[in-house]
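J.: here is my input, please return the structure:
(2 chains)
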Amino acid sequence: AQKITQTQPGMFVQEKEAVTLDCTYDTSDPSYGLFWYKQPSSGEMIFLIYQGSYDQQNATEGRYSLNFQKARKSANLVISASQLGDSAMYFCAMRDKGTGANNLFFGTGTRLTVIP
Amino acid sequence: NAGVTQTPKFQVLKTGQSMTLQCAQDMNHEYMSWYRQDPGMGLRLIHYSVGAGITDQGEVPNGYNVSRSTTEDFPLRLLSAAPSQTSVYFCASREAGVGVYEQYFGPGTRLTVT
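T.: Next up is the predicted model:
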């Protein structure tokens, strides 16, 4: 069975600094994908970044990058130059054949607070 | 495009009542899903559909029914509400096809069962 672990319930970062949010996963499927979603206090789920298991390069989207270490089964999210608007819950999620039609299996989330 | 819409935004039910959470998308997506989010637990898959007339169970399907008569709509029915179903419910959709995996989420429905 698949598993996603986010060990940091809460993180603080100074504005303009970089921060890394940890995510480890477990799956027996060689074909899988890893996602990061942001959930601000308003409650909506905002897609940030995706990494496929066969992708050679680490994914990047603007200030977001994914530090994908396949051998260690980790997919950490790096946010560079933090902004006050980055304060939110962040969820790591995985899709593989076990989740049915490539639906998502979520971790428990990390609450990020950006300090001015 | 409105994207994925959900109604209602908030709902309070008494134990034993039934209701339907509505979900619609205007992106012509084949795949639609329902998730619930409980405090400290992330989102968990309830039911999903890969096209009109085709549905299947996710991780936590008990107490819920779904049907998919059109591509656009995917309602979630609570048969007999229980306090354990107090949660935030998200509907999501995505395109079919290999390599297309981003799910688009609706704004959520906050349900309280007393």
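J.: how about the contacts made by the closest residue to A:Q2 other than its chain neighbours?
T.: Nearest in space to A:Q2, with sequence neighbours left out and distances taken as CB to CB, 6 or more residues apart in numbering or on different chains, is A:T27 at 4.6 Å. Every residue, glycine included, has its C-beta placed from N, CA and C. Listed by CB atoms under 8 Å, 6 or more residues apart in numbering or on different chains, the contact set of A:T27 reads A:2-3, A:94, A:96, A:98.
J.: please name the nearest non-neighbouring residue to residue 17.
T.: I went with chain A, as the question did not name one. Among residues not flanking A:E17 along the chain, A:S82 sits closest, at 5.6 Å (CB to CB, 6+ apart).
J.: hm, I was asking about chain B
T.: Nearest to B:Q17 is B:A81, by CB to CB, 6+ apart, at 5.1 Å.
J.: am I right that the one you found is in contact with B:G16?
T.: Yes - taking CB atoms under 8 Å as the definition, B:A81 is a contact partner of B:G16 at 6.6 Å.
J.: more crowded one of those two?
T.: B:A81 (22 against 10; other CB atoms under 10 Å in any protein chain shown).
J.: how near is that one to chain A?
T.: Plainly put, B:A81 is 21 Å away from chain A if you go by CB to the nearest CB, to the nearest Å.
J.: and stretch B:73-93, how far apart are its ends?
T.: End-to-end distance for stretch B:73-93: 10 Å, by CA to CA, to the nearest Å.
J.: tell me which residues in it are buried?
T.: Neighbour-count burial for stretch B:73-93, counted by 16 or more other CB atoms under 10 Å in any protein chain shown, picks out B:74-76, B:78, B:81, B:85-93.
J.: ok now stretch B:31-45, how far from the chain's centre?
T.: Put simply, stretch B:31-45 sits 9 Å off its chain's centre (CA atoms, centre = their mean, to the nearest Å).
J.: pull out the buried positions in it.
T.: B:31-37, B:42-45.
J.: can you list these in TSV and add secondary structure, distance to chain A and pLDDT?
T.: Listed next are the buried residues of stretch B:31-45 as TSV, based on DSSP: H, G, I helix; E, B strand; the rest coil; distance: CB to the nearest CB, whole Å; pLDDT from 0 to 100:
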residue	secondary structure	distance to chain A	pLDDT
B:Y31	strand	6	93
B:M32	strand	10	95
B:S33	strand	5	95
B:W34	strand	10	97
B:Y35	strand	8	97
B:R36	strand	11	97
B:Q37	strand	8	97
B:G42	coil	4	88
B:L43	strand	4	94
B:R44	strand	7	94
B:L45	strand	5	93
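J.: which one of those residues is nearest to B:V113?
T.: Taking CB to CB as the measure, B:V113 lies nearest B:R36 of the buried residues of stretch B:31-45, at 12.2 Å.
J.: what's across from that closest one in the sheet?
T.: Beta-bridge pairing for B:R36 (DSSP bridges): B:R44, B:Y89.
J.: any weak-confidence spans in the chain?
T.: As the question left the chain open, I've gone with chain A. Across chain A, the ranges flagged by pLDDT under 70 are A:1, A:98-100.
J.: could you do chain B instead?
T.: Applying pLDDT under 70 to chain B flags residues B:100.
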